[in-house]
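> My questions concern the predicted model and sequence given below.
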There are 2 protein chains.
Amino acid sequence: MLNDTAPSAPARRDGLTIRRLLESPVARDPAQEIVYRDLRRHTYADLEQRIHRLAGALAALGVKPGDTVGVMDWDSHRYLEAFFAVPMMGAVLHTINVRLSPEQILYTIEHAGDDVLLVHSDFLPVLETIRGRIDTVRAFVVLTDDGAPGSHTVRFAGEYEALLAAAPERFPFPELDEDTRATTFYTTGTTGLPKGVWFTHRQLVLHTLGTLATLATAHHASFRRGDVYMPITPMFHVHAWGLPYIATALGVKQVYPGRYAPDVLLGLIAREGVTFSHCVPTILHMLLRTPGGEAVDLSRWKVLVGGAALPKPLALAALARGIDVVVGYGMSETCPVLTIAHLDPADLAGPAEAQAELRTRTGRALPLVDLRVVGDELAELPADGRATGEIVVRAPWLTAGYLKEEKASEKLWEGGVLHTGDVAWRDARGYVKIVDRRKDVIKVGGEWVSSLELEDVLAAHPAVAEVAVIGRPDPKWGERPLALVVARAGDPAPDERTLHAHVKGYVEKGVLGRQALLLEVKGVDAIDRTSVGKVNKRALREKHL
Amino acid sequence: MLNDTAPSAPARRDGLTIRRLLESPVARDPAQEIVYRDLRRHTYADLEQRIHRLAGALAALGVKPGDTVGVMDWDSHRYLEAFFAVPMMGAVLHTINVRLSPEQILYTIEHAGDDVLLVHSDFLPVLETIRGRIDTVRAFVVLTDDGAPGSHTVRFAGEYEALLAAAPERFPFPELDEDTRATTFYTTGTTGLPKGVWFTHRQLVLHTLGTLATLATAHHASFRRGDVYMPITPMFHVHAWGLPYIATALGVKQVYPGRYAPDVLLGLIAREGVTFSHCVPTILHMLLRTPGGEAVDLSRWKVLVGGAALPKPLALAALARGIDVVVGYGMSETCPVLTIAHLDPADLAGPAEAQAELRTRTGRALPLVDLRVVGDELAELPADGRATGEIVVRAPWLTAGYLKEEKASEKLWEGGVLHTGDVAWRDARGYVKIVDRRKDVIKVGGEWVSSLELEDVLAAHPAVAEVAVIGRPDPKWGERPLALVVARAGDPAPDERTLHAHVKGYVEKGVLGRQALLLEVKGVDAIDRTSVGKVNKRALREKHL
């Protein structure tokens, strides 16, 4: 008999909206704390009140459902309030990347169509330089830590705290469709203009539940009730990886550090008893090397690391300090979390070196994440720890596309799966390890050779100071690897034969495929890098091919 | 600027389907175990294969998307396979309540429109009595533990294991809309025919994530990776409270006990190292009193108790055995879990008596559950631990209604919220405590008096053997409480004055409201009960009013 049940009446199909993440913790833990540096502490009950007041204040400035509210702030209690209030109104939160150039910031404000802008006084100098060219913004609100924004010429509709104080206690938040857009922010590639990605209420709620299900159930580096949370990836960057929503849903104590300064961060960890954070490897490195930082007990600290590969020596240094460090993986387009490299109990009983090998992998797929490593025509590759291909994903929390960029969106979603552009292998236990970016991988005789792996091997040769490997078109092989090598000061440049012999050893050990033996070598004076210090392979290809 | 983002392309909006719950654990823990009594153990990799084969076998019997597959089995690995395979095909799993009378079972099979029936050989005698009147079923499959169904006259399409062995290794599961119906089963009230409720893929996935988020993050009685799971509420009853889906998503070892027998259950707990179960109070009581059971170490066992109020003495007895016992609440219409009574760390440090008080409460609302205690016109009552009203809920996992019962569905969802029919108060920490069923509550002068609380107080009087309290219509008060009292054998029936004096003490202590003093008393010989031993207030009202 065919399924003859009528579809759910709309009223009975309860939507996945951000508002729902707030209700349970406020009812359960109204006295739980939210801390901002050493400047402010209040409760979840206050948080809820302030969210209502912020919505009221924004509505008084004309913000309606479908409008966009941009925020330029360091990580703060205010930002957390905006994470909830703006989407709960049916408006879109634009988390502005304050590290972009003023021109790029201007571009993202105009492209997102920000109607109201909340700006911390630290960013007034930037705002002053672009204000005359901002067309969309109807009202500016200034955020300060002391109520005094300093000297400036911007005409503000008001100061954040004053507007909240003047707003009504309750705001009548509307019932929203779960597919309503909640947030937008911009990714920065190595080329071209920033691209906007966007997420719906449904996607953010499901990302919260899926990531929480993984973090809470893990054998280590877990995130649960009783933890104390502090973000150390900016809230403008993929919603601080979505963790502020998770922390709030959990009802844990939250600590917001403002602008990142090593001594402030370490002080907050010590004083507030922070147990769970997330950061990029650079920040972890910086915190471990901060003078005087050795005195801070980090043995209860759990850190999710992402944004770039975590070097094994850094993981070992963190473990030596007692930090429970683990890698997570995702990107702006994926909300972001797709995998976490949690260990199983047997691994946790093993030596640090073996643990670091697993902890620095890309990780294992979260529940509801359909992650595949694929070759040509999206054919799934065996999970044998060797076969490398592109990571493609489906999950209920991936951006539907780039804002107003249909062509780029279609490319991102080619074949109905989201293309990460990352090349990886997977092993029999489900651990994925990224070995390259797809655009940097070299295709030799139909096999993919990781430029990053080859670079690692070549860099281990004593005569090599710096090296970058790119693919050189070849009529027979399709491509052959070309190593651009900077010799160590005072040494002669190592020749092709020397490096071949070096590479051969790794091929024989099975570390590299035989395709690596097709390596060509060219001595260069320097390796081109981007403004943030990454190897600029595009520039290298233009120069050397 | 209005939100000008195009809606997600369908391919980019990833559905919440049951299939997704299976992918991550199979990739991560392919060697994890699934155990059936002492008869069988296999892995998650086997589970996935057997799900494919079961789907293939059912398809060969003609099962198509939209069809219904009924199952009559004890808790088994087979049932777990059906939990996944049938919905993943786009068909509906009807979990038949084998405790109903043969006539009721016949009614539910016909009402659900079962197309294929999987029947354990233990239920062949029942099937034989109704088979001639089953119109909808096209094929019967017999389930046995030893391949030998015994003597019977039913013509089976085959035996479960044989059909699986003959089926292809892979089944091409279709992409499904998340609102596709996945399961259906029947609730049994005290009156009338069983009513069917039904759940979609989306609802079951969200129930899994929401309940897991609560169980995994709790300070005690948690459910996480590393636990060993065994259900002790039947899989035909609200999907064994949804826990088999949660256990599978977690990738933990699962133990299925078949037909419940105290020695088998205790043996499995001891032998397989079971750490997490769920059951009704009666089962817990039975296990604690099983002769020889004292020898089993239960100090690592966590038990979620629901289905009926957990008496405090039973909670204390469980705590004394080292069992981490906690109450959960829900109903057939709610998938089921709505609340769990987990304790905070400060409570866990307190004495057993105080813990038992909290552990036996109804609990605190799960994330995404909008639970309100309301009075007239759905107005929310203060969370003061006193004001009592009906629990109404919204959540993304509530049934949209009763199958083919539009009128009853509308009543269930009156005013856009699901009416639980339970009367409760809530305190400032969010703990809810049910004090009565709505239909049994007595409304005196506009205030609700709990018949259950009044019965508890009266039962404490030494001359009272049994008591039931109902509401008697009263021109002045609306209703007055009428106590029907059975005197203790040999004693004279306690008169109204005696019981008034007794009740007055509790009113003065604040345990009962003053309305309780309007109590009337009537001596009776016996209290009418239903076939399962519950007080039959409907019969009492008919007889005594």
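Received, thanks.
> which residue ranges form the helices in the stretch 1-150 of chain A?
A:19-28, A:44-60, A:77-88, A:102-112, A:124-130 (DSSP state H, counting those that start in this stretch).
> Within range of chain B, give me the residues from the stretch 301-450 of chain A.
Proximity of the stretch 301-450 of chain A to chain B, by C-beta under 8 Å from any C-beta of the partner chain, involves residues A:345, A:364-370, A:383, A:394-396, A:398, A:400-401, A:403-404, A:413, A:416, A:418, A:428-430. Every C-beta, even on glycine, is put in place using the N, C-alpha and C of the backbone.
> can you rerun that using 10 Å?
A:342, A:344-345, A:364-371, A:383, A:393-401, A:403-404, A:406, A:409-410, A:412-413, A:415-418, A:426, A:428-432 (C-beta under 10 Å from any C-beta of the partner chain).
> care to break chain A down by domain?
According to automatic domain parsing, chain A comprises the domains A:18-178, A:442-544.
> So residue A:182, which state does it fall into?
strand (DSSP: H, G, I helix; E, B strand; the rest coil).
> Helices of the stretch 351-500 of chain A, start to end?
Going by DSSP H, counting those that start in this stretch, the stretch 351-500 of chain A shows helices at A:352-359, A:406-412, A:451-459, A:496-508.
> Quick one: low-confidence residue ranges for the stretch 251-400 of chain A.
Counting by pLDDT under 70, the stretch 251-400 of chain A contains no low-confidence segment.
> And the lowest-mean-pLDDT helix or strand in chain A, what's buried?
Lowest mean confidence among the helices and strands of chain A (mean pLDDT, DSSP states H and E): strand A:447-449, at a mean of 81. Of the residues in strand A:447-449, A:448-449 count as buried by neighbour count, 16 or more other C-beta atoms under 10 Å in any protein chain shown.
> Run me through the strand neighbours of that strand, direction for each.
When sheet partners are counted by DSSP bridges, strand A:447-449 sits next to strand A:442-444 (antiparallel).
> Quick check: chain neighbours aside, which residue is closest to residue A:225?
Using C-beta to C-beta, 6 or more residues apart in numbering or on different chains and skipping residues adjacent in sequence, the residue nearest residue A:225 is residue B:217, 4.8 Å away.
> Determine the number of other residues adjacent to the one you found.
27 (other C-beta atoms under 10 Å in any protein chain shown).
> who touches it in this structure?
A:212-213, A:215-217, A:222-227, A:246, A:249-252, B:224, B:342, B:367 (C-beta atoms under 10 Å, 6 or more residues apart in numbering or on different chains).
> Please apply the same query to residue A:59.
A:67, A:85, A:89, A:91, A:167-168, A:171-172.
> Can you tell me which of those is nearest chain B?
residue A:67 (6.8 Å; C-beta to the nearest C-beta).
> List the buried residues of stretch A:492-504.
Quick answer for stretch A:492-504 (16+ other C-beta under 10 Å): A:493-494, A:499-500, A:502-503.
> and if you look at stretch A:100-113?
Taking 16+ other C-beta under 10 Å as the criterion, stretch A:100-113 shows A:100, A:104-109, A:111-113 as buried.
> got the helices of the stretch 1-150 of chain A as a markdown table, with mean pLDDT and distance to residue A:538 columns?
Listed next are the helices of the stretch 1-150 of chain A as a markdown table, based on pLDDT from 0 to 100; distance: least, C-beta to C-beta, whole Å:
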| stretch | mean pLDDT | distance to residue A:538 |
| --- | --- | --- |
| helix A:19-28 | 93 | 41 |
| helix A:44-60 | 98 | 42 |
| helix A:77-88 | 98 | 34 |
| helix A:102-112 | 95 | 19 |
| helix A:124-130 | 95 | 28 |
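> Using a markdown table, lay out these together with distance to residue B:20.
Output for those, formatted as a markdown table (distance: least, C-beta to C-beta, whole Å):
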| stretch | distance to residue B:20 |
| --- | --- |
| helix A:19-28 | 21 |
| helix A:44-60 | 32 |
| helix A:77-88 | 25 |
| helix A:102-112 | 32 |
| helix A:124-130 | 43 |
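> what about these, which gets the closest to residue B:120?
helix A:19-28 (39.7 Å; C-beta to C-beta).
> How far does that closest one sit from its chain's centre?
Put simply, helix A:19-28 sits 25 Å off its chain's centre (C-alpha atoms, centre = their mean, to the nearest Å).
> what's the answer for stretch A:394-411, then?
17 Å.
> Now do the buried residues in it.
A:394-403, A:405, A:409.
> wait, isn't residue A:451 in contact with residue A:472?
No: with contact defined as C-beta atoms under 10 Å, residue A:451 does not reach residue A:472; the gap is 11.7 Å.
> count of residues packed around residue A:514?
Neighbour number of residue A:514 under other C-beta under 10 Å is 13.
> what do you get for the one 5 residues further on?
Applying other C-beta under 10 Å, we find 24 other residues in the vicinity of residue A:519.
> Roughly how far does residue A:222 sit from chain B?
8 Å (C-beta to the nearest C-beta, to the nearest Å).
> all strands of the stretch 51-200 of chain A, in order?
A:68-72, A:92-95, A:116-120, A:139-143, A:158-159, A:181-187, A:195-200 (DSSP state E, counting those that start in this stretch).
> Would you list the strands that the longest one pairs with, along with their directions?
This means strand A:181-187. By DSSP bridges, strand A:181-187 pairs with strand A:92-95 (parallel), strand A:195-200 (antiparallel).
> Among the ones you listed, show me which one is buried the most.
Stretch with highest mean neighbour count among these: strand A:92-95 (a mean of 27; mean count of other C-beta atoms under 10 Å in any protein chain shown).
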